[in-house]
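In: Predicted model and sequence below, questions to follow.
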Amino acid sequence: MQYIIIIFLSFFALRLISLSFSIRNEKRLLKKGGKQYGKFNSLLLTLAHIAFYFGALYEAYSKDMEMNSLSWMGAGVMLFAYVMLFYVMYKLRDVWTVKLYIVPNQRIERSLLFRTVRHPNYFLNIMPELIGVALLCNAWYTLCIGFPLYVVLLIVRIRQEEAAMKELFAAANVRR
């Protein structure tokens, strides 16, 4: 169990670091006239993320789970997810937040990753991260119940983001 907790806390600490970047960027975006979209859904996503993490950890704890091959696979998936998180943060820089903000004349990232993967933060970071933490903890209830619920919130978020950015894409002549 101790290895699961150490890995879990290490990744959770990385998530907290990413949140500090988000908060800093959020303050800058607000100063630039940024407008938040989907505020309530952002709150629900945050609560669901925390509940997923700690639901998975509780499952591991209640079963006195030890590291096994699925746990190591989960740690690997989480490592991939966090590499993608920090790469997306690097590419989006000052506009990356966990909330949905749009600023006037916001730039649109056009790197290869963003041209080939629609919503890379969601599909290459968040979804693998949640699957990884469930595998790390062998948390099948959390995965089977929590993941579909989270995906519903994520679909709402994607629709909100695309609606909010529709004018930006049109002005930049970007096909979505």
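Out: All right, it came through fine. This one's a predicted model, so the numbers in the text were calculated from it and none came from an experiment.
In: With adjacent residues omitted, what lies nearest to Leu19?
Out: Val98 (6.6 Å; CB to CB, 6 or more residues apart in numbering). In this view, the C-beta of every residue, glycine as well, is placed from N, C-alpha and C.
In: now Ile102: how far from Ser10?
Out: 33 Å (CB to CB, to the nearest Å).
In: which one of these two has more residues nearby?
Out: Using other CB atoms under 10 Å as the criterion, Ile102 and Ser10 rank with Ile102 on top: 17 against 12.
In: Name the SS class of Phe21, please.
Out: Per DSSP: H, G, I helix; E, B strand; the rest coil, the secondary structure class of Phe21 is helix.
In: Helix or strand for the nearest residue to it once chain neighbours are set aside, just tell me which one.
Out: Excluding its sequence neighbours, the residue lying closest to Phe21 (CB to CB, 6+ apart) is Met89, at 6.1 Å. Counting by DSSP states H and E, the element that carries Met89 is helix 69-92.
In: Note down every partner strand of the helix or strand following that helix and its orientation.
Out: Later in the chain than helix 69-92, the nearest helix or strand by DSSP H and E is strand 100-102. Under the criterion DSSP bridges, strand 100-102 sits next to strand 35-37 (antiparallel) in its sheet.
In: In the strand it pairs with, which residues are buried?
Out: Tyr37 (16 or more other CB atoms under 10 Å).
In: Surely Asp70 is in contact with Asn138?
Out: Not quite, residue 70 is Leu, not Asp. Yes. Under the criterion of CB atoms under 8 Å, Leu70 makes contact with Asn138 at 5.8 Å.
In: The two: which has the busier surroundings?
Out: Asn138 (20 against 15).
In: Tell me which residues touch that one, please.
Out: Residues near Asn138 by CB atoms under 8 Å, 6 or more residues apart in numbering: 59-60, 63, 65, 68, 70-71.
In: what does the model give it for pLDDT?
Out: For Asn138, the model assigns a pLDDT of 98.
In: for Tyr87, same thing?
Out: At Tyr87, pLDDT is 98.
In: what's the nearest residue to it if we skip its chain neighbours?
Out: Leu113 (7.3 Å).
In: tell me the contacts of Pro75?
Out: Not quite, residue 75 is Ala, not Pro. 7, 132, 136.
In: one step back: buried members of the contacts of Asn138 into PyMOL, please.
Out: Entered in PyMOL, the line below selects the buried ones among the contacts of Asn138, by 16+ other CB under 10 Å:
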select buried, resi 59+60+65+71
